[in-house]
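Novice: requesting a structural model of the entry that follows:
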Amino acid sequence: MDNLIQTEEDLDKETLFVVSQTFKALGDPTRIRILHLLFQKECSVNEIADSLDLRQSTVSHQLRFLKNLRLVKNRRAGTTMFYSHDDEHVINILEQMIQHAQHS
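Specialist: Next up, the predicted model:
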(Lines give C-alpha, C1' and ligand atoms only; values in the text may rest on other atoms or scores of the structure.)
Protein backbone atom coordinates (compact mmCIF):
# COMPACT_ATOMS: atom_id res chain seq x y z
CA MET A 1 0.00 0.00 0.00
CA ASP A 2 1.36 3.40 -0.97
CA ASN A 3 1.85 5.99 1.75
CA LEU A 4 0.29 8.93 -0.09
CA ILE A 5 -0.87 10.66 3.09
CA GLN A 6 1.71 11.34 5.76
CA THR A 7 0.88 10.68 9.39
CA GLU A 8 0.67 13.65 11.73
CA GLU A 9 4.10 12.99 13.20
CA ASP A 10 5.60 13.22 9.71
CA LEU A 11 4.33 16.78 9.21
CA ASP A 12 6.62 19.58 10.25
CA LYS A 13 5.30 22.76 11.83
CA GLU A 14 5.68 24.80 8.64
CA THR A 15 3.67 22.30 6.59
CA LEU A 16 0.94 22.21 9.22
CA PHE A 17 0.81 26.00 9.26
CA VAL A 18 0.56 26.28 5.44
CA VAL A 19 -2.15 23.61 5.26
CA SER A 20 -4.18 25.28 8.03
CA GLN A 21 -3.80 28.72 6.42
CA THR A 22 -4.90 27.32 3.06
CA PHE A 23 -8.02 25.83 4.64
CA LYS A 24 -8.57 29.16 6.40
CA ALA A 25 -8.40 30.87 2.99
CA LEU A 26 -10.96 28.44 1.60
CA GLY A 27 -13.17 28.98 4.66
CA ASP A 28 -14.10 32.51 3.65
CA PRO A 29 -16.94 33.02 1.12
CA THR A 30 -15.37 36.16 -0.39
CA ARG A 31 -12.05 34.44 -0.99
CA ILE A 32 -13.83 31.43 -2.50
CA ARG A 33 -15.68 33.74 -4.90
CA ILE A 34 -12.44 35.49 -5.88
CA LEU A 35 -10.56 32.22 -6.43
CA HIS A 36 -13.45 30.78 -8.42
CA LEU A 37 -13.47 33.85 -10.67
CA LEU A 38 -9.69 33.76 -11.10
CA PHE A 39 -9.90 30.08 -12.04
CA GLN A 40 -12.06 31.15 -14.98
CA LYS A 41 -10.03 34.17 -16.12
CA GLU A 42 -7.31 36.64 -15.23
CA CYS A 43 -8.75 39.86 -13.78
CA SER A 44 -7.74 43.26 -12.46
CA VAL A 45 -8.88 44.41 -9.02
CA ASN A 46 -11.56 46.56 -10.65
CA GLU A 47 -12.84 43.64 -12.75
CA ILE A 48 -13.04 41.44 -9.66
CA ALA A 49 -14.83 44.17 -7.68
CA ASP A 50 -17.32 44.78 -10.50
CA SER A 51 -17.92 41.08 -11.25
CA LEU A 52 -18.48 40.14 -7.62
CA ASP A 53 -20.11 43.40 -6.48
CA LEU A 54 -17.42 44.05 -3.87
CA ARG A 55 -15.58 47.16 -2.79
CA GLN A 56 -12.15 47.62 -4.33
CA SER A 57 -10.55 47.81 -0.87
CA THR A 58 -12.14 44.47 0.09
CA VAL A 59 -10.80 42.83 -3.06
CA SER A 60 -7.32 44.26 -2.52
CA HIS A 61 -7.26 43.04 1.08
CA GLN A 62 -8.36 39.52 0.10
CA LEU A 63 -5.92 39.36 -2.81
CA ARG A 64 -3.07 40.29 -0.48
CA PHE A 65 -4.06 37.42 1.84
CA LEU A 66 -4.29 34.98 -1.09
CA LYS A 67 -1.02 36.19 -2.61
CA ASN A 68 0.83 35.70 0.70
CA LEU A 69 -0.30 32.06 0.60
CA ARG A 70 0.77 31.80 -3.07
CA LEU A 71 -2.79 30.99 -4.11
CA VAL A 72 -2.87 33.90 -6.57
CA LYS A 73 -0.20 35.62 -8.61
CA ASN A 74 -0.12 38.95 -10.39
CA ARG A 75 1.41 40.56 -13.43
CA ARG A 76 1.68 44.22 -14.33
CA ALA A 77 0.49 45.62 -17.64
CA GLY A 78 1.20 49.35 -17.64
CA THR A 79 -0.35 50.68 -14.45
CA THR A 80 -2.79 47.79 -14.03
CA MET A 81 -2.16 44.63 -12.02
CA PHE A 82 -3.83 41.47 -13.28
CA TYR A 83 -4.42 38.51 -10.98
CA SER A 84 -4.77 34.81 -11.70
CA HIS A 85 -4.77 31.62 -9.65
CA ASP A 86 -1.36 30.24 -8.76
CA ASP A 87 -1.97 26.75 -7.37
CA GLU A 88 -3.67 24.04 -9.43
CA HIS A 89 -3.89 21.79 -6.36
CA VAL A 90 -5.96 24.28 -4.39
CA ILE A 91 -8.13 25.13 -7.40
CA ASN A 92 -8.82 21.40 -7.89
CA ILE A 93 -9.82 21.07 -4.23
CA LEU A 94 -12.04 24.15 -4.50
CA GLU A 95 -13.75 22.88 -7.66
CA GLN A 96 -14.30 19.45 -6.08
CA MET A 97 -15.88 21.07 -3.02
CA ILE A 98 -18.15 23.18 -5.23
CA GLN A 99 -19.22 20.05 -7.11
CA HIS A 100 -19.77 18.27 -3.80
CA ALA A 101 -21.92 21.13 -2.47
CA GLN A 102 -24.00 21.24 -5.66
CA HIS A 103 -24.54 17.47 -5.65
CA SER A 104 -27.84 16.76 -3.90
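
Novice: CA atoms for contacts and neighbours, from now on please.
Specialist: Noted.

Novice: in the chain, which spans are helices?
Specialist: Counting by DSSP state H, the chain has helices at residues 13-26, 29-40, 45-52, 56-68, 88-102.

Novice: and the longest one, how far out from the chain middle?
Specialist: In this case it means helix 88-102. 11 Å (C-alpha atoms, centre = their mean, to the nearest Å).

Novice: ditto for the second one
Specialist: Relative to its parent chain, helix 29-40 has a centroid offset of 7 Å by C-alpha atoms, centre = their mean.

Novice: buried stuff in it?
Specialist: For helix 29-40, a neighbour-count test (16 or more other C-alpha atoms under 10 Å) marks 30-32, 34-39 as buried.

Novice: low-confidence stretches in the protein?
Specialist: 1-9, 104 (pLDDT under 70).

Novice: gap between Ile32 and Ala25?
Specialist: 8 Å (C-alpha to C-alpha, to the nearest Å).

Novice: which single one of the buried residues of helix 29-40 is nearest to Thr79?
Specialist: Checking those against Thr79 with C-alpha to C-alpha, the nearest one is Leu38 at 19.6 Å.
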